[in-house]
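*Asks:* using only what follows, build the 3D model:
(one chain, ligands or ions: 1)
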Amino acid sequence: MKIDGRPYRTIFPEADGGAVMVIDQTRLPFAFELKRLANLDDAAVAIRTMVVRGAPLIGVTAAYGLALAMREDASEAGIERASATLAATRPTAINLRWALDRMAAMLRRAPETERAALAFSEAGRIADEDVASCRAIGEHGAKILSEIAAKKGGTVNVLTHCNAGWLATVDWGTALAPIYVAHDAGVPVHVFVDETRPRNQGAALTAFELNAHGVPHTVIADNAGGHLMQHGQVDVCIVGSDRTTASGDVCNKIGTYLKALAASDNRIPFYAALPFSTIDWTLSDGVRDIPIEERDAREVTHLTGRTDDGAFATVAVVSPGSPVANPAFDVTPARLVTGIITERGVCAATEEGLAGLYPERRKAA
Ligand SMILES: CSC[C@H]1O[C@H](OP(=O)(O)O)[C@H](O)[C@@H]1O
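*Replies:* Model prediction:
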């Protein structure tokens, strides 16, 4: 998407191919800075510290991280070591594992001397596919928003959680892609943006995106969503996903499940938007089987922001010495999900629904 009129992707190879550039999302919205990833370790640290974040973008960064690693050690052992390093960065987004498996399978078939060049080409293909998939998600999801606006005869109010915008992917986003496509097509859209504690990806990143694109929105405290739904101020919820099971259970940022419960109680449609690379075809019980990342307590005990005189500052917001729990994701059972918006279309959050869109994945009877 565009920043000050200039188109950007969240990740791209340097012109001379020497390294990979990413937007440092830990500095947004108060500073727009690019960060140079020159080797495997740079890529691993960028994922682990959330310089880059969002399931699809984590996968693409891992793909480029493996390409950078091939410059250092393109042996079989080098492939295994780099894959293990990158896989260990964050456990929940399946896109990471998906991208590494795709890259490693290709690399093992290639001559060692060609692996670095082939790896950069494959990482570029994965990035391009992500852009195309997210654009298609936008088209399919925009039809839903357009129908709601037409039926209502006015602005469609969307509630979203965390950041599943272009900053969470290579471009366009997943949950925000339908909003961009609908907005650009003239559909009256307004977005309630959950701040999304503890890292505030909504307040910091989704609001930044929507401001840059001129989409009307209102930032709200996480706990305000249910109240707004009860008072008829939300027409539809659209969220992203870090891992969705073959049966339609949706793992997403912590707090998503609570929004789905409130939406269900108020009979508000609740959609998850995600590309094929976010589906884990090996799992059916997401609550039981999806690994939930436990992040550092400091994300809860401290807040980083900008002071009124423009300096970055970090302050403590929890009583010192209190124990902290910080699960980064939760799982919304498929029964609470109205539908899944993918690059191939919209389906029910069921095994049949997903298999219908991805027949090549249908389990043998
Ligand atoms: C399009 S995936 C976005 C997804 O990823 C976010 O998690 P994190 O910021 O920790 O990487 C969040 O769950 C978003 O919905």
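
*Asks:* when you work out contacts or count neighbours from here on, use the C-alpha atoms and nothing else.
*Replies:* Fine.

*Asks:* can you list the residues of the stretch 151-300 of the chain near the ligand?
*Replies:* For the stretch 151-300 of the chain, the residues found near the ligand under the criterion CA under 6 Å from any ligand atom are 162, 163, 164, 168, 169, 174, 240, 241, 242, 252, 253.

*Asks:* confidence score at the fourth one?
*Replies:* Residue 168 is assigned 98 on the pLDDT scale.

*Asks:* so whatever residue of the stretch 151-300 of the chain ends up closest to the ligand bridges to which residues?
*Replies:* Proximity to the ligand, evaluated over the stretch 151-300 of the chain using CA to the nearest ligand atom, is greatest for residue 253 at 3.6 Å. Partner residues in beta bridges with residue 253: residue 329, with DSSP bridges as the criterion.

*Asks:* in the one helix or strand residue 182 maps to, what counts as buried?
*Replies:* Taking DSSP states H and E as the criterion, residue 182 maps to helix 177-184. Judged by neighbour count using 16 or more other CA atoms under 10 Å, the buried positions of helix 177-184 are 177, 178, 179, 180, 181, 182, 183.

*Asks:* what's the answer for stretch 219-231, then?
*Replies:* By 16+ other CA under 10 Å, the buried positions in stretch 219-231 come out as 219, 220, 222, 225, 226, 229.

*Asks:* my guess is the last one contacts residue 263. True?
*Replies:* Yes - at 6.9 Å, residue 229 counts as touching residue 263 under the criterion of CA atoms under 8 Å.

*Asks:* residue 78 and residue 8, how far apart?
*Replies:* When distances are taken as CA to CA, to the nearest Å, residue 78 and residue 8 turn out to be 32 Å apart.

*Asks:* how about residue 260?
*Replies:* Residue 260 sits 32 Å away from residue 8, taking CA to CA as the criterion.

*Asks:* please name the nearest non-neighbouring residue to residue 57.
*Replies:* Nearest in space to residue 57, with sequence neighbours left out and distances taken as CA to CA, 6 or more residues apart in numbering, is residue 169 at 4.4 Å.

*Asks:* repeat for residue 251
*Replies:* In this structure, residue 251 finds its nearest non-sequential neighbour in residue 331, 4.2 Å apart by CA to CA, 6+ apart.

*Asks:* my read is that neighbour is in a helix, agree?
*Replies:* No - assigned with DSSP: H, G, I helix; E, B strand; the rest coil, residue 331 falls outside any helix and is strand.

*Asks:* ok, it touching residue 248?
*Replies:* No - distance between residue 331 and residue 248: 10.3 Å, which falls outside the contact criterion (CA under 8 Å).

*Asks:* name the residue in the two with the higher neighbour count.
*Replies:* Residue environment comparison for residue 331 versus residue 248 gives the larger neighbour count to residue 248, 32 against 27, counting by other CA atoms under 10 Å.

*Asks:* OK, contacts around residue 34?
*Replies:* Under the criterion of CA atoms under 8 Å, 6 or more residues apart in numbering, the neighbours of residue 34 are 21, 22, 23, 24.

*Asks:* which ones among those are found in strands?
*Replies:* Cross-referencing the contacts of residue 34 against strands under DSSP state E gives 21, 22, 23.

*Asks:* for the second one, the count of nearby residues, please.
*Replies:* Residue 22: 24 surrounding residues under other CA under 10 Å.

*Asks:* follow-up on the earlier one: against residue 11, how distant is the residue nearest to residue 57?
*Replies:* Residue 169 is 9 Å from residue 11, by CA to CA.

*Asks:* next, show the common contact partners of those two.
*Replies:* Counting by CA under 8 Å, 6+ apart, the contacts common to residue 169 and residue 11 are residue 57.

*Asks:* remind me what the helix holding residue 182 packs against, helices and strands.
*Replies:* helix 115-152, strand 189-194 (3 or more CA pairs under 8 Å, 6 or more residues apart in numbering; DSSP states H and E).

*Asks:* if I pick residue 247, what's in contact with it?
*Replies:* 283, 284, 285, 334, 349, 350, 351, 352, 354.

*Asks:* let's see the pLDDT reported for the last one.
*Replies:* This points to residue 354. Residue 354 is assigned a predicted lDDT (pLDDT) of 98.

*Asks:* now the one 5 residues further on
*Replies:* At residue 359, the model reports a pLDDT of 95.

*Asks:* now residue 38
*Replies:* So residue 38 comes in at 98 (pLDDT).

*Asks:* next: the one 5 residues further on.
*Replies:* We have a pLDDT of 98 for residue 43.

*Asks:* using PDB, list the CA coordinates for the helix or strand containing it.
*Replies:* Here residue 43 is covered by helix 40-48, with elements defined by DSSP H and E. Taking only C-alpha atoms (Å, rounded to 0.1, in the frame of the first residue of the first chain), the coordinates of helix 40-48 have been written out as PDB:
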ATOM      1  CA  LEU A  40      19.800 -15.600   8.900                       C
ATOM      2  CA  ASP A  41      20.200 -14.200  12.400                       C
ATOM      3  CA  ASP A  42      18.800 -10.800  11.300                       C
ATOM      4  CA  ALA A  43      15.700 -12.500   9.900                       C
ATOM      5  CA  ALA A  44      15.200 -14.700  13.000                       C
ATOM      6  CA  VAL A  45      15.500 -11.700  15.400                       C
ATOM      7  CA  ALA A  46      13.200  -9.600  13.200                       C
ATOM      8  CA  ILE A  47      10.400 -12.300  13.500                       C
ATOM      9  CA  ARG A  48      11.000 -13.000  17.200                       C
END
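
*Asks:* what's that helix packed up against?
*Replies:* Using 3+ CA pairs under 8 Å, 6+ apart as the contact test, the elements touching helix 40-48 are helix 55-72, helix 76-87.
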